[in-house]
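Asks: Okay, sequence plus prediction incoming.
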Amino acid sequence: MTSNLPLPILYSLRNCPYAMRARVAIYYAKQKVALRDLVLSNKPAEMLAVSPKGTVPVLVITNELAQPQVIDESLEVMLWALHESDPDNLLHGETPQLLSDMLSLISQFDNEFKKCFDKYQCAKRYHEDSLESDRKACEKYIADLEQRLQRNGFLMSDKASLADIALLPFIRKFSKVERQWYLQSPYPKLRAWLNNYLQSRMFSKVMTQYPQWLDHRELVVFGEN
């Protein structure tokens, strides 16, 4: 039965890794949303009214009987999308324990790796002497991914998972900080894993540039694969 409810609204920012991974999950889940692209210097009042913290992504889901549901954490948006529909079995529903392992790995990168990466990125930007040591702090986590990919085709098993698409935008950012070093670094499996995603139709769709919503307030439907 077709719902008469309006599409969920996704406030997003094209190059933000958190917003990016939300769009990746929505793409794989084949969920349609009304995409509202923005810039951080000009946040829609409609978004701030439902999520005052002012970060993306923000997903607003209209319900028939209750107040709209607001999800403003990227991982929660991903889980919402894949619980709605998971045709590629990214949650590995047949092995529930694996989801716990995925969430643990994602948490490690969201909390520990992200702090190291922010320092590394700043060291490069401001030509600080700590660049090499900051990179090595990141490599602890990168080397773990390389070992995982030596055992399997993807981070958790031989099938793609929530963990792969959650970490993807952050590994992409890592690969750009010192490009020449990265291309010669001892992480060939990770490079192949990343390139597989970056060259995919999915990534092309997820990174399509749309007009800023506040400029025209036009409906942009994302998720139509």
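Replies: Received it, and whenever you're ready, just let me know what you need. Numbers count the residues shown, from 1 in each chain.

Asks: okay, now the domains of this structure?
Replies: 9-89+204-222, 96-200 (automatic domain parsing).

Asks: burial count for Lys176?
Replies: Neighbours of Lys176 under the rule other C-beta atoms under 10 Å: 10. Backbone N, C-alpha and C define where each C-beta goes, glycine included.

Asks: Mind pulling the model confidence for it?
Replies: With respect to pLDDT, Lys176 has a value of 98.

Asks: who are the neighbours in contact with it?
Replies: Remark: with contacts taken as C-beta atoms under 8 Å, 6 or more residues apart in numbering, Lys176 is in contact with Tyr182.

Asks: Surely it is within a strand?
Replies: No. According to DSSP: H, G, I helix; E, B strand; the rest coil, Lys176 belongs to no strand; its state is helix.

Asks: Would you mind finding the longest helix in this structure?
Replies: helix 131-151 (DSSP state H).

Asks: which residues of the chain score low on pLDDT?
Replies: Low-confidence segments of the chain (pLDDT under 70): 1-3, 225.

Asks: ok, which stretches of it are strands?
Replies: 9-12, 33-37, 58-61, 69-71, 221-222 (DSSP state E).

Asks: My read is that Glu224 contacts Lys32, right?
Replies: Yes. Glu224 is in contact with Lys32 according to C-beta atoms under 8 Å; the separation is 6.2 Å.

Asks: Tell me which of these two has more neighbours.
Replies: More neighbours sit around Lys32 than around the other of Glu224 and Lys32, counting by other C-beta under 10 Å; the figures are 15 against 8.

Asks: residues contacting the residue nearest to the more buried one when sequence neighbours are not counted?
Replies: Closest residue to Lys32 apart from its sequence neighbours, by C-beta to C-beta, 6 or more residues apart in numbering: Gly223 at 4.2 Å. By C-beta under 8 Å, 6+ apart, the contact list for Gly223 reads Ile26, Tyr27, Ala29, Lys30, Gln31, Lys32, Val33.
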